[in-house]
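S.K.: Next come a sequence and a model predicted from it.
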Amino acid sequence: MSYTIEGATGPWELVIGLEVHAQVISKSKLFSGAATDFGSEPNTQVSFVDAGFPGMLPVINRECVAQAVRTGLGLNARINLVSRFDRKNYFYADLPQGYQISQYEHPIVGMGTIDIELESGETRSIGITRLHLEQDAGKSMHDQHATKSLIDLNRSGVALMEIVSEPDLRTPEEAGAYIRKLRTILRYLGTCDGNMDEGSMRADVNVSVRKAGEDFRTRCEIKNVNSIRFVMQAIEAEARRQVDIWESGGEVRQETRLFDPARGETRSMRSKEDAHDYRYFPEPDLLPLVLDEAWIATLKTQLPELPDEKRARLMHEFGLSAYESAIFVMEQVTADFFETVAKGRDAKQVANWMLGDFFAALNRTGRSIENSPVSAADLGALLDLISDSTINGKIAKEVLEIMVETGETPDAIVEARGLRQVTDTGAIDAAIDRVVAANPDKLAEYKSGKDKLFGFFVGQVMKAMAGKGNPALVNEALKAKIGAPAG
Amino acid sequence: MLNLSIAEALDALAARKFSAVELTDAHIAAVEALNPRLNAFITVTADLAREQAKAADAARHAGDAPALSGIPIAMKDLFCTEGVRTTAGSKILSPFVPPYESTVSAKLKAAGAVMLGKANLDEFAMGSSNITSAYGVVENPWQREDGAKLVPGGSSGGSAAAVAARMAMGATGTDTGGSIRQPASFTGIAGIKPTYGRCSRFGIVAFASSLDQAGPMARTVEDCAILLGAMSGFDARDSTSADQPVPDFRAACAHGVKGLRIGIPSEYRVDGMAPEIEKLWQAGIDWLKRAGAEIVDVSLPHTKYGLPVYYIVAPAEASSNLARYDGVRFGARVEGEDLIDLYERTRAAGFGAEVKRRIMIGTYVLSAGYYDAYYLRAQKVRALMLRDFNEAFAKVDAILTPTAPSAAFAIGEKMDDPVTMYLNDVFTVPSNLAGVPAMSVPAGLDARGLPLGLQVIGRHFDEETVFAVAGALERAAGFTALPSVCAGAKS
Amino acid sequence: MSLDPATVRRIAKLARIRLDDDEVPRLEGELNAILGYVEQLSEVDVEGVQPLSGGAQMAMRLREDAVTDGGYPEKILANAPDRIGNFFAVPKVVE
């Protein structure tokens, strides 16, 4: 199904390209030895290099280069053995040098692809144009003072990977799926934490609209969108704006815009009005970045299993459905958790428990897999108690609740609370006798052919046994006592 | 004492003929006497110098005197010095006190050198006359017969004047297009721009990053070698610093030129070159021949394009390097109604005319639509110039040329048109573009009694041969003339 | 190629240098003289020549990833023309 925006003149197609800025995980900055921790006191993680002091020079961080290479490998992209850094010149209060060191003509990573999965179950391959390394700017705060903007340079010089997609995306959903998938890959690789709230992943969104079969029309760039939801909203709002302009006989002007989530609209960015002439030229303080093929090969062998491979393996090895495996691979820890529990157990049962009661319990308590009070070993142990008939499924759900609450092991809970399933046929028979004796009218109805009431008797017996009766044995004994249902 | 070379002074200090404090006091007295006239120093650090001299004496007493222990020098005010104001000759840095030290000045400090003060220079090292300094012109200690006050050359004009007038025994300079060699030539002293990457650029206020290189200025070739030995060496804080061993430059000065092949590039015979310079060049050729060198004609066909390439590449890099002077984190600020207005007022008031001109040219040649025609083409011609040198150095060990097309000119001359001023650098710029080492040696006087230098250009990282040739020239030239304003003259 | 007054103004704007009206004609003349001078490069045959951008002919060294710098906000802010607390301060910016 194709997504279009319905205008007065008919349907309009969207053309979307994304430039995702992903903050590289490294201890120190791209060109200086200052720390990169988020949320530190203002200007404490700043060296003279990061603050653009006279005579200060950049020296590149090997780990940041390695992270870019890993990411390129994870995106099935070409790694360029020789790349260069350029200066992108513009003035801004949080850009201390008056230029950003970036890679313009010769990026470290070339063409690659990302496969995205859509809700329809369809998979689309989105082209990656390039990935390059660059330094982040500092942070300007415009709302802390009546007449002044305040500048904190802690972020200045932190390594970013700018990952540029081809204009292959056609719907807000695809854009969302693309960012989610990219984030998953980066997190698997350990090259970016993908935390959009803290700004470690931000997207610039290029949007244009066109009639079916047309060439590209003028695009606008929406800067610095910091959540997937806003990306999707911004695309829709911007596309509508452009459709309105074209349809009212106007011309869309190529410009940089900002998304205002409160108003749900985009607006022209004043500070970028004359920033189109960046005067890129080769950064003379740095030399060409020449990579060793053997080093790249080593990095490649150290890459973790990536989401697409893992998903295929989970389906193949554990017989999971496409849906189940997609959920498990979204976060590496989830997949690891699943695999730990599923090892040597019934994988289908594990999947059902995780996707059902376990995730529900985590959601309810506001926890995630990373800080789950229930370890994979404990969840496995719980399922083992079902398999060896120590407890039944219903009791198991209760035990899981207690595990989530208290963090105790299932064995301890079962023992301490006497939840062990009753397999003593004497005890079962006694319970049945009590139930039958207490319900002569129901028994009569059952005997007269109301088969449905068998379930009532099972329930009553289980209740009488505080839920601990072995369901199979209760069934057997009840049939022997009151006769099997006829139907 | 003031007339001694660094080598002689080190011997005298070692022999306890005088103390570092005495040597420093004598130089401080010279600075106090002459600086009001010559304006060679922007900042004089007399107290700091005395302290350092005292420490040098104590170290020597303890038997631990490093290579330059107790030698008073001038520091070009482009080197950031921790706790000592560093202006780069610009108004925009007038309040700037660096909280850090440049690698070169730190190395000199560690070698026991005594810093007398921060030497005047063309603003951001952009100039060949020292008239663009926001801290006033520097007067050349040499005088012309007509009595006109002369420029000391630039941009390291304060360094050159201080050394020539015996206010300092040596000085640091930086050389982007000739800023060490041309003022050395104009003031009758020696100065070397080493190979690009030989001295760390860390902590030196940048002019044009791919061309800037620090080097020493002193009255003898050997003194330059001693200073360079202390200044050079690998620095992990400069990505363009070369991880190369530092040879014994001082020993190289005495190697002689027997068996060396010296190239003479015909392209350096430019139109309008003074006949005296032509004559001096020929004298240099004869001296080297007599000392046992073989003279070989070489061709550097792209020489004439050196200046146009330089006047694209250097301003382009400068326009970007100087973007950080925006009144936000350091330096002077002029308030404005908004941020852009603040930038524009700060930079309009903070930069002088020549700096603005170069920023404008640099901005233009990098701007959309002009990059390929100017900057990219200049880089390609630069590649051809490097090729010229590489081909010449396949045939010869060093190249001999004049340092500058003229002797020092008067303050006020050549000022009408920037291009005329730029022509000063015609012989010096090519070695910056190619990154090769080059040295100016005082070789004689012109008819009006002004010093002239000869330039020796060497292979990448072969400063030893440059020193050997320069040493031979120095011995043959026997240059002993003194400037008319000179502290040591009567002592 | 030659600069007109509008281009001089545009370049000054890009370079963030305020120009008074009377400076424009002078700069226009000077800049055009320089551009006229460098024009001679167009006569050089640069076909197939790889541009040379740096002074050093070597590959880049990579430094190890360790925190070795920073942690001195007072030094960073010591030269600031205007500061509020440990922030640099500039006139309020409207994005």
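M.R.: Cool, got the structure.
S.K.: Nearest the middle, which residue of chain B would you pick?
M.R.: B:Ile180 (1.9 Å; C-alpha atoms, centre = their mean).
S.K.: Thought B:Met231 was touching B:Gln104, still the case?
M.R.: Rather than Gln, residue B:104 is Val. Yes. At 5.0 Å, B:Val104 counts as touching B:Met231 under the criterion of C-beta atoms under 8 Å. C-beta here means a position set from N, CA and C on the backbone, and glycine is covered the same way.
S.K.: If you count surrounding residues, which of these two has more?
M.R.: B:Val104 (28 against 24; other C-beta atoms under 10 Å in any protein chain shown).
S.K.: do the helix ranked longest in chain A and chain C meet at all?
M.R.: Determined from DSSP state H, the single longest helix within chain A is helix A:228-247. No. Figure legend: helix A:228-247 not in contact with chain C (C-beta under 8 Å from any C-beta of the partner chain); closest approach 15.4 Å.
S.K.: List the contacts of the residue nearest to the centre of chain B.
M.R.: B:156, B:173-174, B:191-193, B:215, B:217, B:440 (C-beta atoms under 8 Å, 6 or more residues apart in numbering or on different chains).
S.K.: Would you list the buried entries among those residues?
M.R.: Using 16 or more other C-beta atoms under 10 Å in any protein chain shown as the burial test, the contacts of B:Ile180 include B:156, B:173-174, B:191-193, B:215, B:217, B:440 as buried.
S.K.: Just the closest of the residues you listed to B:Pro275, please.
M.R.: B:Ser440 (19.9 Å; C-beta to C-beta).
S.K.: Pretty sure that closest one sits against B:Leu454.
M.R.: Yes. Contact criterion C-beta under 8 Å: B:Ser440 and B:Leu454 qualify, at 7.1 Å.
S.K.: Residues that sit against both of these two, list them.
M.R.: B:Thr403.
S.K.: What parts of chain C come near chain A?
M.R.: C:13-14, C:16, C:53-56, C:58-71, C:73, C:75-77, C:82, C:84-95.
S.K.: Take those and keep only those in strands.
M.R.: The strands, defined by DSSP state E, take in C:84, C:87-91 from the residues of chain C next to chain A.
S.K.: Would you mind checking those for buried ones?
M.R.: The buried subset of these (16+ other C-beta under 10 Å) comprises C:87-91.
S.K.: Can you pull out the low-pLDDT segments for chain C?
M.R.: For chain C, applying pLDDT under 70 flags the ranges C:1.
S.K.: repeat that with 90
M.R.: Applying pLDDT under 90 to chain C flags residues C:1-2, C:53-59, C:93-95.
S.K.: Return the residues in contact with A:Arg234.
M.R.: Quick fix: residue A:234 is Ala, not Arg. Contacts of A:Ala234 (C-beta under 8 Å, 6+ apart): A:205, A:207, A:222, A:225, A:259, A:266.
S.K.: Surely the second one forms part of a strand?
M.R.: Spelled out, it's A:Val207. Yes. Under DSSP: H, G, I helix; E, B strand; the rest coil, A:Val207 falls within a strand.
S.K.: For burial, what's the neighbour tally of the spatially closest residue to it that is not a sequence neighbour?
M.R.: Leaving aside its chain neighbours, A:Val207 sits nearest to A:Glu238 (4.5 Å; criterion: C-beta to C-beta, 6 or more residues apart in numbering or on different chains). When neighbours are counted by other C-beta under 10 Å, A:Glu238 registers 26.
S.K.: Pull up the residues of the stretch 101-250 of chain A that are close to chain B.
M.R.: A:149, A:151.
S.K.: Tell me where the stretch 101-250 of chain A has helices.
M.R.: A:172-189, A:228-247 (DSSP state H, counting those that start in this stretch).
S.K.: Could you export these as CSV, including mean pLDDT?
M.R.: Formatted as CSV, the helices of the stretch 101-250 of chain A follow (pLDDT from 0 to 100):
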stretch, mean pLDDT
helix A:172-189, 96
helix A:228-247, 96
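S.K.: Where do the strands of the stretch 301-450 of chain B begin and end?
M.R.: Secondary structure of the stretch 301-450 of chain B (DSSP state E, counting those that start in this stretch): strands at B:398-402, B:438-445.
S.K.: send the alpha carbons of the lengthiest helix in chain C over as CSV?
M.R.: Longest helix of chain C, by residue count under DSSP H: helix C:23-38. The C-alpha coordinates for helix C:23-38 follow below in CSV (Å, rounded to 0.1, in the frame of the first residue of the first chain):
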residue,chain,number,x,y,z
GLU,C,23,35.6,50.9,3.3
VAL,C,24,33.9,49.0,0.5
PRO,C,25,35.5,50.8,-2.5
ARG,C,26,39.0,50.6,-1.0
LEU,C,27,38.7,46.9,-0.2
GLU,C,28,37.1,46.3,-3.6
GLY,C,29,40.2,47.8,-5.3
GLU,C,30,42.7,46.0,-3.1
LEU,C,31,41.0,42.6,-3.3
ASN,C,32,40.7,42.9,-7.1
ALA,C,33,44.4,43.8,-7.3
ILE,C,34,45.2,40.6,-5.4
LEU,C,35,42.8,38.5,-7.4
GLY,C,36,44.3,40.0,-10.6
TYR,C,37,47.7,39.0,-9.4
VAL,C,38,46.8,35.4,-8.6
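S.K.: Okay, buried residues for it please.
M.R.: C:23-24, C:27-28, C:30-31, C:34-35, C:37-38.
S.K.: packing partners for it?
M.R.: If you count contacts as 3 or more C-beta pairs under 8 Å, 6 or more residues apart in numbering or on different chains; DSSP states H and E, helix C:23-38 packs onto helix B:306-321, helix B:353-366, helix B:418-422, helix C:5-14.
S.K.: Pull the contacting residues for residue 44.
M.R.: Went with chain A since none was named. By C-beta under 8 Å, 6+ apart, the neighbours of A:Thr44 are A:154, C:70-71, C:73, C:86.
S.K.: actually chain C
M.R.: Contacts of C:Val44 by C-beta under 8 Å, 6+ apart are B:302, B:305, B:377, B:380-381, B:384.
S.K.: What of B:Pro430?
M.R.: Taking C-beta under 8 Å, 6+ apart as the test, what B:Pro430 contacts is B:300, B:303, B:306, B:385, B:389.
S.K.: Of all pairs in the ones in strands among the residues of chain C next to chain A, which one is the farthest apart?
M.R.: Once C-beta to C-beta is applied, these give C:Phe87 and C:Pro91 as the farthest pair, at 13.7 Å.
S.K.: Appreciated, that's everything.
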